[in-house]
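> Fold the stuff below for me.
(one chain, ligands or ions: 1)
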Amino acid sequence: MSASKDMAISLNRQYVCPEKIRIFHEIGIDLVIGRREGPYLYDLDGKQLIDVHINGGTYNLGHRHPEIVAALKEALEMSLDIGNHHFPSPLRGEVAQMLIRLSPGDMKYCVFAAGGGEAVDIAIKSARHATKRRKIVSIDKGYHGRTGLSGAAGNAKTAAFFLSDRPEEFIAVPFNDVAAMNEALEKQDAAAVILETIPATLGFPLPENGYLAAVKAMCEQTGTLYIADEVQTGLARSGKFWAVEKFDVIPDIIVTAKGFSGGMYPVAAVILSGKAGAWLTEDGFAHVSTFGGSEIGCYVAKKVLEIVSRPEILDHVCRISAYLADGLKMLQEKHNFLVEVRQCGLIAGLKFAGEMGAVLMSKALYDNGVWAMFSGYDLSVLQFKPYLFIDRPLVDTLMERLDAAIRACAS
Ligand SMILES: Cc1ncc(COP(=O)(O)O)c(C=O)c1O
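Purely as a prediction, here's the structure:
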């Protein structure tokens, strides 16, 4: 290991994230990211990795997409900075209009945030104000971030770790369980249901036929708002602009973050129906975020939206994800160790045998030049999400490396 990598690890162990370093070290992964470009990450010592974790969708367009890098440089040259949330901003207005036009239903407003957790907090606050109800229904081991309300809407155990769980206000039900959702909503006291369209940290279980539409129908019957957390699934990865569109759901609120930033400048957003966003006409200072919708961030996000809304992108995602599905099917037929493929467009979860199957695969793939991460709440499922521009030769390379990694694990 080079001295510079060793120094990076020891400084982070001492001052930043000792426990994370211990865990990855135990698995045998000592990645310190150096150069990065397109689908590739390079370890500080030069090892190349194909990135199919893409930080949960942050690198939806790949690393340092040239148009995004150019946009960021342009923003700086145009003498933009964070801006000031007190005043109108041409860029915030334009990006809000683009998001609303790209969203299903009758969205009316857009509130910007600095990250996904803050955006989820805004979504929950909006729903509570609109309904004058406090209860929020989410799914068991969903993940919506780690800020106050977003953290409380996720795994109760993690919220409790910081004494921030609110069991009387946040109810979790199993995913794909219509009866449990009905029971949680029938008292007509819930402000919102918040759902990742395909829950990533839970291991990408796909919504069963009609499940999301049934939840939306129950929301309508009970006066509950539907919040679609599209932080990981949005921005064309599923083959539709928002993954909810694949499942015939028109949400009241959509949350976007991660890839919305182009992986280059932090920015997130909440898209709101007229009812959900009515508070914006009542109290302009009810939510304030100095960095939320920074003008540099909006300039970058505008370029992201321009790129992902090009018609050829969705065509490409549909064609290449079918090719990926064929490759994964062949691997599954060959190896019993790969027990299930969960795929929707370029969102894929690969379930391996054994409780820790995906942890073994993360390490074996790392040794074979691929960075793919296990799902935090189901260590048997590997998160496998290539960037949007993946082509057939790269899919072939990934299939060869998956094959080699599976053989290494199985032996
Ligand atoms: C589905 C989902 N929602 C929200 C968030 C929170 O985003 P952030 O980490 O930017 O706060 C995440 C982050 O991983 C996420 O995966």
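
> wait, what's in contact with residue 332?
Contact analysis of residue 332 by Cβ atoms under 8 Å, 6 or more residues apart in numbering lists 338-341. (Glycine included, C-beta is placed from N, CA and C.)

> same thing but at 7 Å, please
Each residue near residue 332 by Cβ atoms under 7 Å, 6 or more residues apart in numbering is listed here: 338, 341.

> Around the closest residue to the ligand within the stretch 201-350 of the chain, count how many other residues there are.
Nearest to the ligand, among the residues of the stretch 201-350 of the chain, is residue 231, at 3.6 Å (Cβ to the nearest ligand atom). For residue 231, the count of nearby residues is 30 (other Cβ atoms under 10 Å).

> so what secondary structure elements neighbour the least confident helix or strand in the chain by mean pLDDT?
None of the helices or strands of the chain scores lower by mean pLDDT, DSSP states H and E than helix 156-161, at a mean of 90. With contacts defined as 3 or more Cβ pairs under 7 Å, 6 or more residues apart in numbering; DSSP states H and E, helix 156-161 has these neighbours: helix 148-152.

> could I have the helix it packs on exported to CSV, CA atoms only?
Output in CSV follows, covering the C-alpha atoms of helix 148-152 (Å, rounded to 0.1, in the frame of the first residue of the first chain):
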residue,chain,number,x,y,z
GLY,A,148,-34.6,14.1,11.8
LEU,A,149,-37.8,13.2,10.0
SER,A,150,-36.2,11.2,7.2
GLY,A,151,-34.4,9.1,9.8
ALA,A,152,-37.5,8.5,11.8
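
> circling back: buried residues, the least confident helix or strand of the chain. List them.
Residues of helix 156-161 classed as buried: 156, 158-159 (neighbour count, 16 or more other Cβ atoms under 10 Å).

> From the contact counts, what lies against the helix or strand containing residue 298?
Using DSSP states H and E, residue 298 falls within helix 295-308. For helix 295-308, the elements it packs on are helix 66-77, helix 90-101, judged by 3+ Cβ pairs under 7 Å, 6+ apart.

> Packing partners of the last one?
Contacts of helix 90-101 with other secondary structure elements, assessed using 3+ Cβ pairs under 7 Å, 6+ apart, are made with strand 107-113, strand 268-273, helix 295-308.

> and with 10 Å instead?
With contacts taken as 3 or more Cβ pairs under 10 Å, 6 or more residues apart in numbering; DSSP states H and E, helix 90-101 sits against strand 107-113, strand 253-256, strand 268-273, helix 295-308.

> would you list the buried residues of helix 156-161 in TSV and tack on distance to residue 50?
Below are the buried residues of helix 156-161 laid out as TSV (distance: Cβ to Cβ, whole Å):
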residue	distance to residue 50
156	35
158	30
159	34
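
> ok so, going back, and the least confident helix or strand of the chain with the ligand, contact?
No - for helix 156-161 and the ligand, the contact criterion (Cβ under 6 Å from any ligand atom) is not met; the two come no nearer than 12.4 Å.
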